[in-house]
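Q: Sequence below, structure please.
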Amino acid sequence: MQSKEFYVVIERDEDGLYIGEVPQLRACYSQGDTIDELMTNIREVIELCLESLVEESTTEFVGVQKVVV
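A: The predicted model follows:
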């Protein structure tokens, strides 16, 4: 199987948990107490998301922008 590259957007919640989301895959997110734990968990979730991907296509991650209002 050919390797695919995905970006993970990481945030930390008020309880200190790290939350990761993969913008290219719909509903693909996980959490962990540390970034290392998050990355282990998100790899597993990405594999599950790819297995359930039937005819859906992935989107291309472009970037993150800050907006001040």
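Q: For Glu14, see how far away the nearest residue to Phe6 once chain neighbours are set aside is.
A: Spatial nearest neighbour of Phe6, excluding adjacent residues (Cβ to Cβ, 6 or more residues apart in numbering): Val22 at 5.1 Å. C-betas here are computed from N, CA, C, even on glycine. From Val22 over to Glu14 the distance is 22 Å, taken as Cβ to Cβ, to the nearest Å.
Q: Where do the strands of this protein begin and end?
A: Secondary structure of the chain (DSSP state E): strands at 9-12, 18-21, 29-32.
Q: Tell me which of the ones you listed lies nearest to Gly63.
A: strand 9-12 (10.5 Å; Cβ to Cβ).
Q: helices or strands next to the closest one in the packing?
A: Counting contacts by 3 or more Cβ pairs under 8 Å, 6 or more residues apart in numbering; DSSP states H and E, the secondary-structure elements packed against strand 9-12 are strand 18-21.
Q: Name the residues that touch the strand it packs on?
A: Outside strand 18-21, the residues that touch it by Cβ atoms under 8 Å, 6 or more residues apart in numbering are 8-13, 28-35, 37-39, 41-42.
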